[in-house]
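>>> I'd like to go over a predicted model; first the sequence, then the structure.
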Amino acid sequence: MKMMKTMMSVGAVVVLASCASPGPTREETMQVVKSSFKERGIAKLDRLEQSDLQLACSEASLNNKDLPKDVRERLEKQQMATIKYPADGKFLGDWKAGERVAQAGVGMQWSDNEKTVNGGNCYACHQLSPQEVSFGNIGPSLKHYGKLRGNSEAVVKYTWGKIWNTHAFNACSSMPRFGDAGILTEAQIRDVMALLLDPNSPVNK
Amino acid sequence: MKRPRLATSLVGCAVAMFAAGAQAQGSAADEIAKYRQMLQDGNPAELLVVRGEELWKQKRGPKNASLEQCDIGLGAGVVKGAYAQLPRFFADTNQVMDFEARLVHCMVTLQGFDRAAVTKSPFSGAGQRATDIESITTFVVEQSRGVPVKISQSHPMERASFERGRQLFYMRGGPYDFSCATCHGVDSQRIRLQDLPNISHNKQDAARAFTTWPAYRVSQGALRTMQWRLNDCFRQQRFPEPIFISQGTIDLITFLGVNANGAKMDSPAIKR
């Protein structure tokens, strides 16, 4: 009896996981989710409202699938249109300030506030300067980023765009939209750009 | 903010001893592994097991009753092995509940405590002593040490809870576009030097993550429960704050727990 029960419950999980069973719909789940959070400090409830892109990427990973090609292309085009390049044409700032931005992990949490200077937290996911051995691996290593790519206009513009809104180049990328979401200021992005591309930056030594 | 500091100081030691570069990172990781090993000798959570047991047996609250008649899923008063089968469906509340939700239910119904007062500050702050919920949870989970996780999916509401939890796990949102899966859906990922369990696609990782919470966090000097674990993940995910023992948090714990079914509970653990 016990074994039958176990087998039945295992069966149920398989059914749930493998196809659209009569389980809770997305709408039903979202209703429960919305009643399960409260605003705290700067983290308001509107953060639970998903954008088209967030929704499409959530559904794709829930179903362990890639985005359909047409959806992916449409979303990437939309995101590309959000990228703002510096009006004065100045793409590179100070790599030392960029290193500080790359190290800092605070910003936009309910434990932060309006006055918190947001960090980029690049080292959480990427290797950059070889001196820093505490780096994550969710993103690719960026060691020698500029040394390997040079700093042609195409490389510089691509790098700026990638930091501003990564989804323009890879719709469901895990990286935050540092420019588009207002996480970093234009000046901070310039400094991170220098960390990546300045020949004197430790990243390129 | 204590965590990065700990990692940085350990890394500092490693760098002093070894050459910089990839080798240094390997060594830093080794040093952290050694540090974790050293921690296993004594777990301050043991003191909370004692305090939690006292609180469990003590007559308290407006009704002057103990929690000894609390039914946490295996019948009134049965504590042994009970944590390992939660969350589960409870007919009396017509709800799937995790341990912390069930504990609050018993404190309210048996002891007469005010629900809002009990749930107002469930987690201890820096330098504060453990809350009653933390102490009692430590006592109860200790009684499941070595017991295989066995979370039921036989009731339709248990299956619905799992499915909602699964959907929430993959839900990208907030200004950083993060979901739980961003960090916990791929093998061998790290933030800085911290290894991240792959909870959705790796049975071993899911099992270790579920069976080692609650845990004593050395860097915070505090016992942390599963509800706290989710709370602090959502903070870093840049979400709004999950409401303590809300259905969404319970659903997520159901999802994590079912993925860990069969693994033996090893909590309260001790973590860096």
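Okay, I see it. Model, not experiment: these values are computed from the prediction. Numbers count the residues shown, from 1 in each chain, chains lettered A, B, ... in the order given.
>>> the residue in chain B that chain A sits nearest to: how many residues sit nearby?
Of all residues in chain B, B:Gly248 sits closest to chain A, at 2.8 Å by C-beta to the nearest C-beta. All C-beta atoms are positioned from the backbone trio N, CA, C, and that covers glycine. Neighbours of B:Gly248 under the rule other C-beta atoms under 10 Å in any protein chain shown: 24.
>>> cool, and the one 5 residues further on?
Look at B:Ile253: counted by other C-beta under 10 Å, it has 28 neighbours.
>>> what of the one 5 residues further on?
Per other C-beta under 10 Å, the neighbour tally for B:Val258 reads 25.
>>> where's it, which helix or strand?
helix B:247-259 (DSSP states H and E).
>>> what stretches of the stretch 51-200 of chain B score poorly on pLDDT?
Nowhere does the stretch 51-200 of chain B drop to pLDDT under 70.
>>> would you pull up the residue in chain A closest to chain B?
When distances are taken as C-beta to the nearest C-beta, chain A reaches nearest to chain B at A:Ser36, 2.8 Å away.
>>> give me the residue at the spatial middle of chain B.
B:Met226 (1.9 Å; C-alpha atoms, centre = their mean).
>>> my guess is that one meets B:Pro214, correct?
Yes: counting by C-beta atoms under 8 Å, B:Pro214 is a contact partner of B:Met226 at 6.3 Å.
>>> need the strands for chain A, in chain order.
A:37-38 (DSSP state E).
>>> end to end, how far does stretch A:95-109 reach?
Start-to-end span of stretch A:95-109 (C-alpha to C-alpha, to the nearest Å) is 26 Å.
>>> please name the nearest non-neighbouring residue to the residue of chain A closest to chain B.
B:Gly248 (2.8 Å; C-beta to C-beta, 6 or more residues apart in numbering or on different chains).
>>> how near is A:Gly182 to B:Ala28?
Applying C-beta to C-beta, to the nearest Å, the value for A:Gly182 to B:Ala28 is 34 Å.
>>> show me the contacts for B:Val50.
B:Phe139 (C-beta atoms under 8 Å, 6 or more residues apart in numbering or on different chains).
>>> how many residues are close by A:Asp112?
A:Asp112: 18 surrounding residues under other C-beta under 10 Å.
>>> OK, contacts around it?
Applying C-beta under 8 Å, 6+ apart, the residues near A:Asp112 are A:41-42, A:106, A:118.
>>> go on, B:Ile199?
B:Ile199 neighbours (C-beta under 8 Å, 6+ apart): B:169, B:180, B:184-185, B:205-206, B:209, B:256, B:259.
>>> hmm, try it at 6 Å
B:184, B:206, B:209 (C-beta atoms under 6 Å, 6 or more residues apart in numbering or on different chains).
>>> could you find the closest non-adjacent residue to the last one?
Which is B:Ala209. For B:Ala209, the closest residue by C-beta to C-beta, 6+ apart turns out to be B:Pro197, at 4.2 Å.
>>> could you list the low-pLDDT ranges of chain A?
Flagging of chain A using pLDDT under 70 yields the residue ranges A:1-22.
>>> got the residues of it near chain B?
Within reach of chain B by C-beta under 6 Å from any C-beta of the partner chain, chain A has these residues: A:9, A:12-13, A:16, A:23-24, A:29, A:32-33, A:36-40, A:43, A:45, A:47-48, A:50, A:54, A:57-58, A:61-62, A:108-110, A:124, A:133-134, A:136-138, A:174, A:176, A:181.
>>> tell me the pLDDT at the residue nearest to the centre of chain B?
B:Met226 carries a pLDDT score of 98 in this model.
>>> quick one on the thing from earlier: ok, the residue of chain A closest to chain B - how many residues close by?
22.
>>> which residues touch it?
B:243, B:246-248.
>>> for B:Glu100, same thing?
Counting by C-beta under 6 Å, 6+ apart, B:Glu100 makes contact with B:227, B:245.
>>> tell me the secondary structure for it?
helix (DSSP: H, G, I helix; E, B strand; the rest coil).
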